[in-house]
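Peer 1: sequence-free structure coming up:
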DNA sequence: GGCTCGGACTCAGAAAACTGTTG
DNA sequence: ACAACAGTTTTCTGAGTCCGAGC
């Protein structure tokens, strides 16, 4: 079937690849005459290039970004580069720029789009579908596969995460002349848009991307690649979990080894052993070095600095407590107080000694050195495998501990969510509290209160019916009692379900479950659990997720053990 | 032979788009 | 019946990890 096909030569990813090339962002549409930009209170007609960049800023006006000085400065600097000399002469000060009319124009436009009659919307949908149909698929080794991102990124203002030094810079429009096409030699080579040509067409079957271009902010490559539902991605995903399962077999030896290395005479090895302990116990990321000033200041394990930890010999009744507080990937804060082994604690005291807060905690350690060591311990082992392994094994253990076979499907789903949540907490997957959280929680609480009242009423009615039966002892009264009992039971179940929902919601407030579900949890664990406890897979995975995990659905039965 | 740096890939949360429910 | 809106799914693209080519 789809998941079992002939092996390719080492490093070769496909033998046939055919596609239409990327779908380009639509060209800039100038503003209507009546929508004006004002400088220093006076209307000013901008050149097309300057106007386009102005609209990028205007669109973001009610976003917090535009209040930040770095954003404003970067924007203004790049905007001026797009201006004519005359415009440069006039427009010297961002604070004198008034984009409000332009902003309103786009707000109105988006409102109008939303208010379009049904048929119009339908027409737009059909046009989008046609583009998807034409550009959204490729042929890879005879199979029609969905492409992940078949559109080039439109121009706009760069929005980094966290305190990014480049926020507000102009992201340039991608032209066909910027794009490298990758496909098979004998395929129908994609045509560049009329009057344009590709930067290059190559036939590299050792990579999986269909097209690429260099992005001008960080000067890095961007790719057009396949959708996760594709066979190519699915097999890679499967492989990832197989590596993590192999770690399961040797993790005890590896742990014994790093514990022994806490006493190593080589400082380098000691640091490696303590870092590995963090990676294993706390599921920290490896922490590569980053170029200063190019990105937000974030760290992972190997790049932790002295200022990111505090050592408490004793805290809240626990011994050897390490308090970690740093910004990780995407500038998400990691905060944790964890009691560690005495030897780890003593080592950390040693690593911190005579250092400034901004010095590296593991000054002799790099991710390359760490990964070399791991590779030596197990084929294919790298730092990130520990995250996958610990996430998946945690899910499996939590499911085992939390699932009650006698629960309703809803109850089992709560258990599943809790197991999933334990993993998300471990991996520090957070989200901002949804804007509507408090409100929707109130609504839910009101529902619960109303249901409670109903339950109480039903209880009294039942009591009344029972009293009546006591008096009359007739069949009609008995039937009535049964009826009331049934009603009460149904209402109580409904109440229980609502309570479960409320608990789930509250516990989930700041936790993002999606990332672990999609990237860290071996789907076969979940599928086996569904089969074992009679929970439909659709309750766990939506359509997209089922497509992504098709490989796992095809192979996992209820006996699967990670 | 170690190191740097570009390249290719996975993983990340926010925002937009869509859907289904409710008043 | 229908609009508002809350919840869910999809899209978007930035931010990591890790490898290997080339010096």
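Peer 2: Perfect, thanks for sending it. Note that the structure is a prediction, hence the values are computed from the model and not measured. Numbering: from 1, shown residues only, chains lettered A, B, ... in the order given.
Peer 1: how about the residues of the stretch 51-200 of chain A that lie near DNA strand B?
Peer 2: A:63, A:110, A:125, A:128 (Cβ under 7 Å from any atom of the strand). Heads up, the C-betas are built off the backbone N, CA and C, glycines and all.
Peer 1: pull up the residues of the stretch 201-350 of chain A that are close to DNA strand B.
Peer 2: A:204, A:206-209, A:212, A:220-221, A:223, A:225, A:233, A:236-237, A:240, A:285, A:329-330, A:332.
Peer 1: just the buried subset of those, written out for PyMOL, thanks.
Peer 2: Selection of buried members from those for PyMOL, criterion 16 or more other Cβ atoms under 10 Å:
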select buried, chain A and resi 208+209+212+225+233+237+240+285+332
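Peer 1: ok, which of the residues of the stretch 201-350 of chain A next to DNA strand B also contact DNA strand C?
Peer 2: Of the residues in these, proximity to DNA strand C by Cβ under 7 Å from any atom of the strand holds for A:285, A:329-330.
Peer 1: returning to that earlier point: okay, and which of the residues of the stretch 201-350 of chain A next to DNA strand B map to helices?
Peer 2: Secondary structure from DSSP state H places A:233, A:236-237, A:240 of these in helices.
Peer 1: format those residues as JSON lines; extra columns: pLDDT.
Peer 2: Converted to JSON lines, those look like this (pLDDT from 0 to 100):
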{"residue": "A:233", "pLDDT": "96"}
{"residue": "A:236", "pLDDT": "96"}
{"residue": "A:237", "pLDDT": "97"}
{"residue": "A:240", "pLDDT": "97"}
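Peer 1: nearest to DNA strand B among those residues?
Peer 2: DNA strand B lies nearest to residue A:236 out of those, by Cβ to the nearest atom of the strand, at 3.9 Å.
Peer 1: need the longest helix for chain A.
Peer 2: helix A:437-472.
Peer 1: which neighbouring elements make contact with it?
Peer 2: Here helix A:437-472 touches helix A:475-508, going by 3 or more Cβ pairs under 8 Å, 6 or more residues apart in numbering; DSSP states H and E.
Peer 1: relative to helix A:437-472, how tilted is the helix it packs on?
Peer 2: Here the directions of helix A:475-508 and helix A:437-472 differ by 160 degrees (axes from the mean of the first three to the mean of the last three Cα atoms, to 10 degrees).
Peer 1: close to DNA strand B, is helix A:475-508?
Peer 2: No - figure legend: helix A:475-508 not in contact with DNA strand B (Cβ under 7 Å from any atom of the strand); closest approach 11.1 Å.
Peer 1: could you say what helices and strands that helix packs with?
Peer 2: Contacts defined by 3+ Cβ pairs under 8 Å, 6+ apart place helix A:475-508 against helix A:409-426, helix A:437-472.
Peer 1: I'd like to know which elements the lengthiest strand in chain A is packed against.
Peer 2: In chain A, with assignment by DSSP state E, the single longest strand is strand A:318-327. With contacts defined as 3+ Cβ pairs under 8 Å, 6+ apart, strand A:318-327 has these neighbours: strand A:309-315, strand A:333-339, helix A:342-352.
Peer 1: show me the one of these that comes nearest DNA strand C.
Peer 2: strand A:333-339 (11.2 Å).
Peer 1: what pairs with the closest one, and is each one parallel or antiparallel?
Peer 2: Using DSSP bridges, strand A:333-339 pairs in its sheet with strand A:318-327 (antiparallel).
Peer 1: and the angle for the strand it pairs with with helix A:342-352?
Peer 2: Here the directions of strand A:318-327 and helix A:342-352 differ by 50 degrees (the same axes, to 10 degrees).
Peer 1: strand A:318-327 vs strand A:309-315, what angle?
Peer 2: Taking the same axes, to 10 degrees, one finds strand A:318-327 and strand A:309-315 inclined to each other by 160 degrees.
Peer 1: enumerate the positions of strand A:318-327 that are buried.
Peer 2: Neighbour count says strand A:318-327 has A:320-322, A:324, A:326-327 buried, by 16+ other Cβ under 10 Å.
Peer 1: ok so residue A:145 is a strand residue?
Peer 2: Yes - assessed with DSSP: H, G, I helix; E, B strand; the rest coil, residue A:145 lies in a strand.
Peer 1: per-residue pLDDT, it?
Peer 2: Residue A:145 is assigned 96 on the pLDDT scale.
Peer 1: for residue A:120, same thing?
Peer 2: For residue A:120, pLDDT reads 81.
Peer 1: give me the element it is part of.
Peer 2: helix A:118-135 (DSSP states H and E).
Peer 1: what's next to that helix, contact-wise?
Peer 2: A:20-23, A:116, A:147, A:150-151 (Cβ atoms under 8 Å, 6 or more residues apart in numbering).
Peer 1: and those, which two are furthest apart?
Peer 2: Using Cβ to Cβ, the pair of these lying farthest apart is A:21 and A:116, separated by 30.4 Å.
Peer 1: quick one, which of these two is more surrounded?
Peer 2: Neighbours per residue (other Cβ atoms under 10 Å) separate residue A:21 from residue A:116, with residue A:21 holding more: 23 against 12.
Peer 1: quick one: residues contacting the more buried one.
Peer 2: By Cβ under 8 Å, 6+ apart, the neighbours of residue A:21 are A:135, A:176, A:179, A:181, A:190-192, A:198, A:210-211.
Peer 1: could you look up the SS state of it?
Peer 2: Quick answer, by three-state DSSP: residue A:21 is coil.
Peer 1: before we move on, what about residue A:356?
Peer 2: Classification of residue A:356 using three-state DSSP returns coil.
Peer 1: wait, it touches residue A:306, no?
Peer 2: Yes - between residue A:356 and residue A:306 there is a contact under Cβ atoms under 8 Å: 6.8 Å.
Peer 1: any residues in contact with both of the two?
Peer 2: Joint contacts of residue A:356 and residue A:306 (Cβ under 8 Å, 6+ apart) do not exist.
Peer 1: compare these two (neighbour count), which wins?
Peer 2: Remark: of residue A:356 and residue A:306, residue A:306 carries more neighbours, 18 against 8, as counted by other Cβ under 10 Å.
Peer 1: how much space between that one and residue A:349?
Peer 2: 11 Å (Cβ to Cβ, to the nearest Å).
Peer 1: same deal with residue A:517?
Peer 2: For residue A:517, the distance to residue A:349 (Cβ to Cβ) stands at 39 Å.
Peer 1: between these two, which is the more surrounded one?
Peer 2: residue A:517 (21 against 12).
Peer 1: so who does the more buried one touch?
Peer 2: A:420, A:545.
Peer 1: picking that back up, from the contacts of helix A:118-135, which single one is nearest residue A:249?
Peer 2: Compare each of the contacts of helix A:118-135 with residue A:249 using Cβ to Cβ and the shortest gap goes to residue A:147, at 36.8 Å.
Peer 1: dig out what that closest one forms beta bridges with.
Peer 2: The partner residues for residue A:147, given DSSP bridges, come to residue A:226.
Peer 1: how many neighbours does it have?
Peer 2: 23.
Peer 1: ok, it touching residue A:138?
Peer 2: Yes - at 5.7 Å, residue A:147 counts as touching residue A:138 under the criterion of Cβ under 8 Å.
Peer 1: overlap in contacts, these two.
Peer 2: Applying Cβ under 8 Å, 6+ apart, one finds that residue A:147 and residue A:138 are jointly contacted by A:19, A:210, A:226.
Peer 1: against residue A:181, how distant is the last one?
Peer 2: Between residue A:226 and residue A:181 the computed distance is 15 Å (Cβ to Cβ).
Peer 1: and residue A:352, by the same measure?
Peer 2: Distance from residue A:352 to residue A:181, by Cβ to Cβ: 52 Å.
Peer 1: likewise residue A:14?
Peer 2: 15 Å.
Peer 1: of these two, which one has the most company?
Peer 2: Applying other Cβ under 10 Å to residue A:14 and residue A:181 shows that residue A:181 carries more neighbours, namely 23 against 19.
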